[in-house]
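Enquirer: Requesting a structural model of the entry that follows:
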Amino acid sequence: MDAVFSTKVKGLQFAPARLSPPVPAHRARSCSIRSPRYVSHTIERAALGTETDSPAHSYNVRALATLILAAILLAACASTAAGDAVATGEIVVTEYNAPAVQPTGHYGYGQDASAVEIAGWDIDIRPDGMGLPPGSATPEDGEMMYEDKCALCHGSFGEGVGRYPVLAGGEGTLTEPRPEKTVGSFWPYASTLWDYIHRAMPFAEPESLSDEEVYAITAYVLYLNDLVDYDFELNQDTLAAIEMPNKDGFFFDDRPDTANELCMSNCKDPATITITSEPTLTDEPEPEAASTAAVEMSPGEATYQQACAMCHAAGVADAPILGEQAAWAERIALGRDALISSSINGKGFMPPKGGQTQLSDDDVTAAVDFMIERAAN
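Expert: Residues are numbered from 1 along each chain as shown. Predicted structure coming up:
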């Protein structure tokens, strides 16, 4: 709703001025003041007083100032005045709509991505090395780092622990019934290894490695596959120059995108074909979705699934598997407090809190109680 204001100055009534809501910045504005009656009335009242120190003179000064202001506004807005004359002195705001920005996307939807948006999405590393940041390292630099951050799941020699991926070996097995797909035997580009480690590893702390650390671990994994020497310096230039053994084992899938054949005769009239963003209504009832009861987990089970299952579900690095009483009997005999302490502070291959350092001590305690309970049942 428009706001309306009215002002009086010693008996002189100013007409209400309507203030419309703000309009977008891209809209042009013009105004017009149409108040001939009040302008002439102000001139008449301004001619009354004669004494410079009298109230009438003070009133005349104010009235004259009002007259000058009205004249300035009339002159400024004369070129844009429009509509019927309004005797109340209303200030009119006229809006002119600028042409709307038309969508530029496919089928008229959306708009072209800005340079900032594209830069935010353009995070991949190309096979030719484009996208690699500056940095360098050797397999020697990455050996201890690999042992600290990768060997728990992938093994000290890339052989894989439990069900975690094997990183090294497998040469010449791709044509066998059970091929061993490793970095050295299967991956077509070394840049993919750098990109994957940078985005997703270590498993418990993704994106925690610096660029130098990623170069070091990448170099060591390539060394485990006999692709580089122990003193080879890996950087943004040498990484792109490495040729993987299975580079030619991949090809572009040139099959058609659809199974439909191109119509060449007696085809449907294109004028009858429409594309719409709205769904087409039919008389067929919608299929009822199968209802499933929500599964509620205890806090301990939720923490286990988040932080512990990746090792205790598969027995990685001799971690006791959840629910196996024989594997847990010796540990339970040490006492609940001892199990909680080793889980919080780490023991053997298990890092403190399973590598999930954001967990509170209470979270870890609840997870230990859950695993003890499952071992007892």
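
Enquirer: can you map out the helices along this structure?
Expert: Secondary structure of the chain, counting by DSSP state H: helices at 36-46, 55-77, 115-121, 139-149, 151-154, 190-200, 211-224, 236-241, 299-303, 309-312, 325-333, 336-345, 361-376.

Enquirer: Residue 369: neighbour count?
Expert: 17 (other Cβ atoms under 10 Å). Just so you know, the C-beta spots here come from the backbone N, C-alpha and C atoms, and that holds for glycine as well.

Enquirer: do residue 127 as well
Expert: A total of 13 residues lie near residue 127 under the criterion other Cβ under 10 Å.

Enquirer: Who are the contact partners of it?
Expert: With contacts defined as Cβ atoms under 8 Å, 6 or more residues apart in numbering, the neighbours of residue 127 are 188, 189, 191, 192, 240.

Enquirer: Spit out the contact partners of the closest residue to residue 225 other than its chain neighbours.
Expert: Leaving aside its sequence neighbours, residue 225 sits nearest to residue 184 (Cβ to Cβ, 6 or more residues apart in numbering; 2.9 Å). Taking Cβ under 8 Å, 6+ apart, we find residue 184 in contact with 168, 169, 170, 171, 222, 224, 225, 226, 227, 244, 245.

Enquirer: For the contacts of residue 127, which entry has the maximal number of neighbours?
Expert: Scoring the contacts of residue 127 on neighbours with other Cβ under 10 Å, the highest-scoring entry is residue 191 at 24 neighbours.

Enquirer: Would you quantify the distance from that one to residue 238?
Expert: Taking Cβ to Cβ, to the nearest Å as the measure, residue 191 falls 12 Å from residue 238.

Enquirer: hang on, the earlier thing: pick the most buried one from the helices of the chain.
Expert: Highest mean neighbour count among the helices of the chain (mean count of other Cβ atoms under 10 Å): helix 211-224, with a mean of 24.

Enquirer: Give me the residues contacting that helix.
Expert: Contact with helix 211-224 is made by 133-139, 141-143, 145-146, 149-150, 157-158, 167-168, 183-184, 190, 193-194, 197-198, 201, 209, 228-230, 232, 234-235, 239, 242, as judged by Cβ under 8 Å, 6+ apart.

Enquirer: circling back to that earlier point, okay if I get the helices of the chain as JSON lines plus distance to residue 254 and mean pLDDT?
Expert: Below are these laid out as JSON lines (distance: least, Cβ to Cβ, whole Å; pLDDT from 0 to 100):
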{"stretch": "helix 36-46", "distance to residue 254": "80", "mean pLDDT": "44"}
{"stretch": "helix 55-77", "distance to residue 254": "68", "mean pLDDT": "57"}
{"stretch": "helix 115-121", "distance to residue 254": "26", "mean pLDDT": "90"}
{"stretch": "helix 139-149", "distance to residue 254": "38", "mean pLDDT": "95"}
{"stretch": "helix 151-154", "distance to residue 254": "35", "mean pLDDT": "92"}
{"stretch": "helix 190-200", "distance to residue 254": "22", "mean pLDDT": "94"}
{"stretch": "helix 211-224", "distance to residue 254": "31", "mean pLDDT": "97"}
{"stretch": "helix 236-241", "distance to residue 254": "26", "mean pLDDT": "93"}
{"stretch": "helix 299-303", "distance to residue 254": "47", "mean pLDDT": "88"}
{"stretch": "helix 309-312", "distance to residue 254": "39", "mean pLDDT": "85"}
{"stretch": "helix 325-333", "distance to residue 254": "52", "mean pLDDT": "84"}
{"stretch": "helix 336-345", "distance to residue 254": "53", "mean pLDDT": "88"}
{"stretch": "helix 361-376", "distance to residue 254": "50", "mean pLDDT": "88"}
